[in-house]
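1. the sequence and its predicted three-dimensional model are supplied below.
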Amino acid sequence: MAALYEGYTLCGLVPTQDLSNSCIRGIEQERDSDHVLVTDSTRSVTLYKVSDQKPLGSWTVKQGQTLTCSAVFNSQTKEYVAVSDNKMIRIWKEEDILLDKAFKATVSSDIWRVQSVNGGEPVVLFQRGAVRLLDSLLSAPQQPIEEVLAQEEAIRWSTNIVAETQQFVIFTTEQKGDNFLYLQGLNPNTLQRYRLEGEEPGLIPLSFSASYRDKHICLLYLYPNGHVYQSVVPVRGLGTEEGTHALPLPRSLQMALPVGEGLLEAATALVLDEAHVAVVGVPHPSAGAGKDFLCIWNTNFQTLQAGKEMAGKIYGQLWCYSNKLFIPHGKTLSVIPFVCPKSSLASALGKLRQAKTEESKAPASVPSWNNILHEEKAQPSRTVETRKTRSNRKTQSTPCLTTDQVLEFIKTAPVEDVQKEVEGLLSRSDMQDSQPSVGQLVSILVSRSLSDPAFYTPSTLAQLVQTQCLCHSVCPDFVLLALERKDYFLCQLCLQFFPDIPEAVTCACLKAFISMPDVDAEKASLDPDSISFMETVTSRERGQVGLQNGFNSTSLNEESSDGVSGGDAITEDEEKPSTRSEQNCPVGLHKAVLLNEVLQTAYSDSFLLPHLKDLSSQHVVLFLQYLQFLYLKYSQDAFPQTHGLRSPSLAQIMDWVCLVLDAHFTVLVMTPEAKGLLLNLHNYVKSQVRLVSELGKIESSLQALHQMKVKKDVGQYSIEVIELF
Amino acid sequence: MGEFTVHRVRFFDYMPSAIRAMAFNPRTERLAVARADGAVEIFNFADNYFQEKVIPGRDGGTVEALCWVGPRLFGAGLNGAITEYDLENLRPRYSVEAYGGPIWTVSGDSAGTMLAVGCEDGTVKMFEILDETIRFQRNLERQKGRIISLSWHPSGALIAAGMIDMIRIFDAETGRATHRLLVERGAGASKSREVVVWSVVFLSDHTIVSGDSAGKVQFWDGHTGTLVRTHLVTKWDVLALAVSQDESSVVAGTSESIVVQFQFISSTVGRQDNEWVRTRTFKNHSHDVRALVHTETAVVSGGMDTQLVVRPLLDKVEKNTQESSLRKIAFPHRSLVCCAKKAGLLLFQFPEHLELWRLGESEGHGRAGDSLPVKRKPEKLIHLKRKGDDHIRCSAVSPCGGWLVYATVSGVRLYRIQHDNNNIGVTKVSKLPKSLCSAHQLCFSSDSSKLFAASGLSSVVVVALDPLECKHLHTLRPKSGSRQPVHLLCVSDDGKWLASANTDCEVHVYNLKKMKLHCKVPVYSSCPTAIGINPVTSNLVTVHADQQVFEFSLQQKEYTEWSRRLQQRGLHPVWLQRDTPVAHITFNPRNPAHIVLHDVFMLCIIDQSLPLPEARTPLLNQMMLRSLPEAERSRQSHAFKICKSFQHLLSMTLLDDQSLVAVERPLLDIVSQLPAPVRQKKFAT
């Protein structure tokens, strides 16, 4: 459970004329987590030691000048950077007492903000969207600054993030009610422009918050109607083209916060970690309409974890540095320490006593045969030397290119030649059973494909997989490569033929399959057998609705529609065709085929569960719908499980249903669109339980029949001895 | 106490006959039951439902209906004759031909002056009941189609007649049909089948209740001839109806083996508008319920499954009394088995024939609970078919196995049986004394020299047996002048005493040496069900229908000390709660203190030397005693040693070689021979 601790006051605030804004322009981290730099909205910058609650230094610009962006600390040079009156950059050190005597430079265009992260160089973001590194800007302050943004487009929020080695400046703009997200990468310069999906007309996001995890930038934004959306932008797949063309940015509803009456005015949602969001300025769900609350929500379970009422006016401003929230309210700036332990179903339900012992089960903890058996040798980055010495031992009597030569050849040759050579190599009879060579081949192919985005040989890889000499541990990046290149056929083959796919990868596949658009899926050419299986399943969609195991799906429909009728909008629009919607496959044919492959992979519950939790609730609902569809199909009479097509078994389907429910139960319970689904599943379970209990009764009564004393058949005549006492 | 070797016999294929009709006389509390073979049985409901009398049937003499008129019992059947039964001599007194074809129903008016019969030819014939006979008076207006059922209005002015597809109401005075009530046919496929009104009941408020073959029980208004209420009770036929004396309750028996009760009650509490409401359903039969009687406190039903069921109405009886328990009477209350003690022969009596069996033999000994190997299997020696149309009433085999006798209503036949190794000769003794024309009970003296036959007026005819000529020796007559038939006869093993019991509850003891009445045992209110004379002590032991046990010293002509003690102490409640009468008493000559007796469900040896059981101690203590050590055992044991290993016991005798013969007839074997009941939907079929 996340918790907010008792806060303390860092400093008092001087009220401004404009009561709607606080007098704080920004708070930035200084040299370490205990020092912050507070910039007020007028002309002074103050350095605080947080734990001591006392100022260490303060700098002020001259009367008549104002600071237009919050001061930042350049950790490389131990200098402070601030901007006054939009155009004047000021740089000073801690020893400097008077700002006016410090370094000043005037630039040719208005500056929006100076950004700095720990270990990174400060970056200057101009109001018209241009980005410069501070150094390069200062070398020629009057250099022309280009206009990136369109007319009437204005920056609303910005931040910067270091992803791996690259620094990104992220900022959002507004143009006539539309919102855009800019992702400006530095060194090399890339710019990506996304269009945010519109909420209700007239609503623009109140706050943004960005975080970087798992090679993706997650953007969390809050609308005045209380909806919190998350958009995930992959860092890796960023194109290099200039951001003139705005891509649509997919979003998922993380939470719908209670807003009380009216819309939110000053509120902020701040990502704390992957599961927690701090929200300020939103009413506490159980404390009336007042909005002066600081709350921590769990986005996975959509539960309120902690809440605190803040005295005085809330300005909708919130900063977070190393487990401390900085919140200006009323006439003070408060620091509130908090903890967000790893959330789990158990902790959400209040069963976990020692939250700290539970460490996150990162994918790394999944045991890899690779590491266990081959130690460092089998690491993907194994050296060419080892490979050479190993393959040298192999026979070299082949007339064409030897395996070694081919291996070397692969590293450099163009795609077509590689394909030809490898196919030639494979066609040779001695290759068929030489498992190590195939492993080497694949390793090199995969590593080249990974390093060279233009290099990819799908047919060769498929052929290699089909030799059935491969397993996941030989080439750990293989499946991920296939996923990355959206080579779904290869994914399917891997899932079919690799016996040892770790649960993390299985889950990644599932995630990729479930989230990919159906259009993409239909493009993929898949294993015809599995497709024909799915075709038979879906062709039977119009089949009769029968009674199976005492469970009548029509009566179920009645029950469920009864149960849901008082409910939400999502089920309302499908209340009519509910019968058909259950009978219709919720995903496309090819997608279903791929999902079937996932269902058939081997896994272990405890390893799979943590990864399953990564699925978003929408995907979970879709996946469950598909599982339910399969279950219904399987439950019908005369289902063609007999013909030898590769198909998931009923037990596998039910196991996955259980797993998914386990992993996302609370989320599903609170997700409105899952309500009908859960009711249905509940009904299955109920009917099954009923059936099983009836069977149990029959069984026990049959057993009782067995145990009944068989009266000795005395026949027509016998002579017996009795004794009376 | 000791071990016994028991011949467990299950090859007696006794098959009771289905119950066809019943009539209850509320004044005398006698129930008359007619069976499919024509036999009529009289049960005394005032005396623990004891089966007092059996009038054997005749070939072709099926009884469709019975009717009490005062103390007189009339029956009629498909042979077209009305029969009055002689309940003293246990035979039909006379038969009067009705000349209307088969008779389906008989009904007497409440005054006891008229008898109406319903005939096949569509006439209702009225007979005047005279003192000695009945006389045809007239026909009521003739109808098309047979008269299936009849019911007099209690006033005697009207008669309701159930027919096919309709009910007619006749004016008994004029003979005119006044109303015609059309009965609806069954729905669906049975629409084309005519509906038979199997039973009608005319109530004093002019309500007519009818039960028909479409499964309906209908209530009609007899004034207007309109249908008041229909209850669909079954998919099959409603065969019988019966009404309580106060006309507040009607029961209907169906071929679905259920009995449904309707009560004339208000549907809402505190209102006076009573109506007929279906209240209870009883299911105590496995087959059609053909006959029903509604007594004050119980519903008595019988049918194809041959059992007579007395189902107490728990709102009419006190709870947890003898009266409140359900009774099923499946076996006759007199013995159909006779055992030749010395020869080891068994005689089985069937209505049509007699079977004489020789018991098997075994060698060696076994411990308690063992089954001994059978060295020689039992063997059927004689299958003797009776002569004439009358069914066998009673039979006996002499202890030596040399004589066999049976009696029908019309005569007595005596046979000499000669065994020489494997050949068996049966010769009929042709010359019998004239006094031996009919017998209610037969028995041989223990030395097989005399035959005793209970005759009319409770007299006993003594016949000396001789292969050449059987001579009438004497006729023993009681002084009481009772006209009731003797139902029990027994001779002491020493040949000195003969005891007879009649249904007037009198027990007479005759001295056979002097050939005169020795004494009359004080009359007890309940009928004796078994009597026996202890050969050593010459004490007469009687067991009565109310389960009381008495011991009467013939020498002292008074109850013995033990008997007095038993009466003072009172019998154990568990003993008194048994619902089948003790059927037979024998003694163990080696241990005169032992009385061996049995009923249908138990074998009991009363050891007179042991203390009587306390009411608090368990009566059935054999299992407990078995687990105790020897010393403890003697302290715990009491006089009544009851063994329940044998069920559905028809006979239990002690042979001279100290082995017991138990003849069992498992109910399951009887049920398995019954025809299949109407098909009923059962779970999972």
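-> Now that the structure is in, tell me what you want to look at. Residues are numbered from 1 along each chain as shown, chains lettered A, B, ... in the order given.

2. what ranges in the chain fall below the confidence cut-off?
-> Looking at chain A here, since you left the chain open. Applying pLDDT under 70 to chain A flags the ranges A:1, A:15-22, A:119, A:236-245, A:288-289, A:342-403, A:429-436, A:540-583, A:637-645, A:709-714.

3. nope, chain B
-> B:1, B:189, B:679-685.

4. kindly recompute the last result at 50.
-> Within chain B, not a single segment meets pLDDT under 50.

5. what residues does it put near chain A?
-> Within chain B, the positions lying close to chain A (Cβ under 8 Å from any Cβ of the partner chain) are B:1-11, B:360, B:362, B:365-372, B:374, B:377-378, B:605, B:622, B:625-626, B:633, B:637, B:641, B:643, B:645, B:659. All C-beta spots, glycine's among them, are computed from the backbone N, C-alpha and C.

6. can you give me the strands in the stretch 151-300 of chain A?
-> When secondary structure is read from DSSP state E, counting those that start in this stretch, the stretch 151-300 of chain A shows strands at A:154-163, A:166-175, A:178-186, A:190-196, A:207-213, A:216-222, A:227-234, A:247-249, A:252-256, A:268-271, A:276-280, A:293-298.

7. strands paired with the second one, and their directions?
-> Right, the one you point to is strand A:166-175. Paired neighbours of strand A:166-175 in the sheet (DSSP bridges): strand A:154-163 (antiparallel), strand A:178-186 (antiparallel).

8. any quick ChimeraX command for the buried ones out of the residues of chain B next to chain A?
-> For the buried members of these, the matching ChimeraX selection, counting by 16 or more other Cβ atoms under 10 Å in any protein chain shown, is:
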select /B:1,4,5,6,7,8,9,10,11,360,362,371,372,374,378,605,622,625,633,637,641,643,659
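
9. which of the residues of chain B next to chain A fall in helices?
-> B:622, B:625-626, B:633 (DSSP state H).

10. say whether chain B is contacted by the lengthiest helix in chain A.
-> When chain A is parsed with DSSP H, its longest helix is helix A:675-707. No - under the criterion of Cβ under 8 Å from any Cβ, chain B is not reached by helix A:675-707; the shortest gap measures 9.4 Å.

11. wait, is B:V574 part of a strand?
-> No - counting by DSSP: H, G, I helix; E, B strand; the rest coil, B:V574 is not part of a strand but helix.

12. now it: how far from B:Q548?
-> 14 Å (Cβ to Cβ, to the nearest Å).

13. next: A:S539.
-> Taking Cβ to Cβ, one finds A:S539 at 85 Å from B:Q548.

14. how about A:I314?
-> Using Cβ to Cβ, we find A:I314 at a distance of 100 Å from B:Q548.

15. these two: which is more packed in?
-> A:I314 (26 against 19; other Cβ atoms under 10 Å in any protein chain shown).

16. the more buried one and A:P283 touch, don't they?
-> No - with contacts counted by Cβ atoms under 8 Å, A:I314 stays clear of A:P283, the gap being 10.9 Å.

17. common neighbours of the two, please.
-> Taking Cβ atoms under 8 Å, 6 or more residues apart in numbering or on different chains as the criterion, A:I314 and A:P283 both touch A:291, A:293.

18. for chain A, what lies in contact range of chain B?
-> A:714-725.

19. redo those residues as a markdown table? Include secondary structure and neighbour count.
-> Listed next are the residues of chain A next to chain B as a markdown table, based on DSSP: H, G, I helix; E, B strand; the rest coil; neighbours: other Cβ atoms under 10 Å in any protein chain shown:
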| residue | secondary structure | neighbour count |
| --- | --- | --- |
| A:V714 | coil | 14 |
| A:G715 | coil | 11 |
| A:Q716 | coil | 13 |
| A:Y717 | strand | 16 |
| A:S718 | strand | 19 |
| A:I719 | strand | 22 |
| A:E720 | strand | 21 |
| A:V721 | strand | 18 |
| A:I722 | strand | 20 |
| A:E723 | strand | 15 |
| A:L724 | strand | 20 |
| A:F725 | coil | 19 |
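
20. want to throw these into JSON lines with distance to A:Q29?
-> Below are those laid out as JSON lines (distance: Cβ to Cβ, whole Å):
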{"residue": "A:V714", "distance to A:Q29": "98"}
{"residue": "A:G715", "distance to A:Q29": "100"}
{"residue": "A:Q716", "distance to A:Q29": "104"}
{"residue": "A:Y717", "distance to A:Q29": "106"}
{"residue": "A:S718", "distance to A:Q29": "102"}
{"residue": "A:I719", "distance to A:Q29": "106"}
{"residue": "A:E720", "distance to A:Q29": "101"}
{"residue": "A:V721", "distance to A:Q29": "102"}
{"residue": "A:I722", "distance to A:Q29": "101"}
{"residue": "A:E723", "distance to A:Q29": "100"}
{"residue": "A:L724", "distance to A:Q29": "102"}
{"residue": "A:F725", "distance to A:Q29": "99"}
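
21. greatest separation within those residues: which pair is it?
-> The distance between the two most remote of the residues of chain A next to chain B (Cβ to Cβ) is 29.3 Å, for A:Q716 and A:F725.

22. just the element for the residue sitting nearest the centre point of chain A, please.
-> In chain A, the centroid-proximal residue (Cα atoms, centre = their mean) is A:D614; its distance is 5.9 Å. Assigning secondary structure by DSSP states H and E places A:D614 outside every helix and strand.

23. that one reaches A:K511, doesn't it?
-> Yes - here A:D614 reaches A:K511: they are 6.7 Å apart, a contact under Cβ under 8 Å.

24. for B:K471, give the beta-bridge partners.
-> Assigned bridge partners for B:K471, using DSSP bridges, are B:A464.

25. neighbours of it, how many?
-> 12.

26. same thing with the one 4 residues further on?
-> Other residues lying near B:T475 total 15 when counted by other Cβ under 10 Å.

27. looks like it contacts B:G456 (just checking).
-> No - counting by Cβ under 8 Å, B:T475 does not reach B:G456; the two are 10.3 Å apart.

28. show me the contacts for residue 216.
-> The chain I'm using is chain A. A:232-235.

29. looking at chain B here, not the other one
-> Contacts of B:K216 (Cβ under 8 Å, 6+ apart): B:183-184, B:210, B:230-233, B:238.

30. specify the beta-bridge partners of it.
-> Going by DSSP bridges, B:K216 forms beta bridges with B:L232.

31. among the strands of the stretch 151-300 of chain A, which comes closest to A:Q466?
-> Closest among the strands of the stretch 151-300 of chain A, using Cβ to Cβ: strand A:227-234, at 30.0 Å.

32. export the closest one to PDB, keeping only CA atoms.
-> Extracted C-alpha coordinates of strand A:227-234, given in PDB (Å, rounded to 0.1, in the frame of the first residue of the first chain):
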ATOM      1  CA  HIS A 227     -10.000  10.900 -17.000                       C
ATOM      2  CA  VAL A 228      -6.400   9.900 -16.800                       C
ATOM      3  CA  TYR A 229      -5.000   8.600 -20.000                       C
ATOM      4  CA  GLN A 230      -1.700   6.900 -20.700                       C
ATOM      5  CA  SER A 231       0.000   6.900 -24.100                       C
ATOM      6  CA  VAL A 232       3.100   4.800 -24.700                       C
ATOM      7  CA  VAL A 233       5.600   5.900 -27.200                       C
ATOM      8  CA  PRO A 234       8.400   3.500 -28.200                       C
END
